[in-house]
Structures are given as structure tokens and as C-alpha cells.
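S.K.: Provide a 3D model corresponding to the input given below.
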Amino acid sequence: MTGWDVHVEGAVASGPLPPGGHAVRLGRLDEWARASGEPAREYVGRARSSGSRLLLRHAVAAAGGTQPHRVVVGRDGHGRPVLHAPAGLDVSISHTADVLVVGVARGRRIGVDVEAWDRPLLVPGLAERFCHPEELAELRELPPAARNSMLVRLWTLKEAYTKALGVGLAYDFSHLRPRPAPDSGWWLDRAAPGWRLRCDRVLDRYVVARALGPDGL
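M.R.: Down below sits the predicted model:
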């Protein structure tokens, strides 16, 4: 199967992830859904689910130094994927349109989210529901196109973080205030000590965000 990495700490292709390492793996829906036996064009929702699970197994197998058929995945009470085997790894899944994304981390929590770069979010009242008051003030100073791009970036960062926590949209996003960090990443001030966030533009059309927790699952 083909695929590509947005970012890797520790070479997934050549061996297991080291302690604290992580990888974010992308795949195309049609390829992974077809490999899973689902006709992607007929049952998009089911194809995304099946394709994501297959991509997850391959990504985890590479990160854990095992075979895909030995990967055992379950769900917690919030529907978040949980690895039963191999031990010591955390995972997250996201998909949109024809792109699937899987994040794998050793010894720490990880969350990923993918959205279209130009997803229209300039809907009346939407920003007020998920933006921090300081973010709203900064957004008002931007022209519409830049404002929408920043909203997409903030949304993906916040969703990646809350998915890593295992709470997703149940969290009040307006309480989160991601700030750019000197290393081109993002941080969450004192609200989430030890967490690292990052947002990358991929394939010209999408934004992939990841959130990495401090050491310790």
C-alpha cells in the first residue's frame, strides 16, 4: 500500500517508534477502502470507516514493529480508538473528503484532525461558539479570506487536542487559546502544560493538525 508521512519522529519505515516518538500517516480513501473490500463510491461513510481502520493497522504495525493482523483495536466509551495490542502506543483517526489521516505515538497521547483548507467557516455565530474572546478580537482585524483560513487552522488544532483527550466536541472550544510557538508549532498556555500542537498544509487542499501530550499515557 502507498501512503506518505506528514511528519515522523522516529523512522516508522525502518523500525518501531522510539519512546516519545510519533508519526502522522496519510492515505487516499479510494485506495484504502478498495483494499478493505468496501466500494468507496457507493458507501462513502462505511468506506471511510473501513479504510481508516486498515490504514490504522498498517501505521500501528510499522510503529510497533509487528504485523497488521496482530494489531488489536477497540473503542473507549466516547468512541475513541484504543489499542489493545501492541502495548504502549496511542492512536487517533480523522478523515475528510478523500483523505484519511492516522496519528500514532509511543508513550504519550495523540490527536489528529484534517479539514479542507478552504472550508467555509464564516457563518454567523459559528466563530463565537468555538473561539476564545481574544481570538475573536484578532479575527476581526483580518480580511475575510485570511479570517476563514485562521478559523480553519484554529478549529483543527482544537479538535486535535480534544480528540487526544478523548472528549472531542464535548469540550468547550472557546476556553482553548492556541498560540504560535517559536518552533513553528503551537502551545496552549497554562491550560495544557507539556502539550505540543502543530498544523501543516498538505496536498495543497488540506490542513492536518496534531496534538501531542506529555510523556505518559
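S.K.: dig out what the most centrally placed residue in the chain forms beta bridges with.
M.R.: For the chain, the residue sitting closest to the mean C-alpha position, by Cα atoms, centre = their mean, is residue 112 at 1.0 Å. Counting by DSSP bridges, residue 112 is bridged to residue 210.
S.K.: can you name the residues that contact it?
M.R.: Residues near residue 112 by Cβ atoms under 8 Å, 6 or more residues apart in numbering: 24, 92-94, 101-103, 160, 163, 208-211. For every residue, glycine as well, the C-beta is placed using N, CA and C.
S.K.: go ahead and confirm residue 214 touches residue 195.
M.R.: Yes - counting by Cβ atoms under 8 Å, residue 214 does reach residue 195; the two are 6.8 Å apart.
S.K.: about what we covered before: pick the one among the contacts of residue 112 closest to residue 191.
M.R.: The shortest approach to residue 191 among those belongs to residue 211, at 12.3 Å (Cβ to Cβ).
S.K.: what number of residues lie near that closest one?
M.R.: Neighbour count of residue 211, defined by other Cβ atoms under 10 Å: 31.
S.K.: now do residue 150
M.R.: 17.
S.K.: pLDDT score for it?
M.R.: We have a pLDDT of 95 for residue 150.
S.K.: which phi and psi does it have?
M.R.: Residue 150 adopts backbone torsions of phi -70, psi -40, taken as degrees, to the nearest 10.
S.K.: show me how far stretch 124-142 is from its chain's centre.
M.R.: 23 Å (Cα atoms, centre = their mean, to the nearest Å).
S.K.: other residues contacting it?
M.R.: Stretch 124-142 has contacts (Cβ under 8 Å, 6+ apart) with 121, 147, 150, 151, 154, 155, 158, 173, 174, 175, 176, 177.
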